[in-house]
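Q: sequence first, then the predicted structure, then my questions.
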Amino acid sequence: MLVNELQEIKDYWEKKYPNIYITLYANEDGVKFFGKMMAHDCSLDLHADTIGELISQGESFLRKITQ
């Protein structure tokens, strides 16, 4: 189930921001979430305890690089 949610988030971001490379995944227990977002000149490693926190970090990064 978490894999589907993470895939939906990734698909949404990739559609909205096609020039950004995004990887999202959860640890084996599904209690920590990780990812990486890369643009042509910057990147961000994501580390979160909840999917909501992961989304917040990702959206913040995407807003910064698209301004």
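A: Here it is on my side, so go on.
Q: got phi/psi on the residue most central in space within the chain?
A: In the chain, the residue lying closest to the centroid (C-alpha atoms, centre = their mean) is Gly58, at 4.9 Å. The phi/psi pair for Gly58 (degrees, to the nearest 10) reads phi -60, psi -50.
Q: isn't it up against Asp45?
A: No: at 11.1 Å, Gly58 does not count as touching Asp45 under the criterion of C-beta atoms under 8 Å. Using the backbone N, CA and C atoms, a C-beta is placed for each residue, glycine as well.
Q: follow-up on the earlier one: what distance do you get for the residue nearest to the centre of the chain to Ser43?
A: 12 Å (C-beta to C-beta, to the nearest Å).
Q: what's the answer for Asn4, then?
A: Distance from Asn4 to Ser43, by C-beta to C-beta: 25 Å.
Q: give me the more crowded residue out of those two.
A: Ser43 (13 against 8; other C-beta atoms under 10 Å).
Q: got a pLDDT number for that one?
A: Ser43 carries a pLDDT value of 95.
Q: do Val3 as well
A: With respect to pLDDT, Val3 has a value of 82.
Q: same check on Phe33?
A: For Phe33, the pLDDT comes out at 95.
Q: next one: it from Ile51, what distance?
A: With C-beta to C-beta as the criterion, Phe33 and Ile51 are 6 Å apart.
Q: give me the more crowded residue out of the two.
A: Legend: neighbour count by other C-beta under 10 Å for Phe33 and Ile51, higher for Phe33 (24 against 16).
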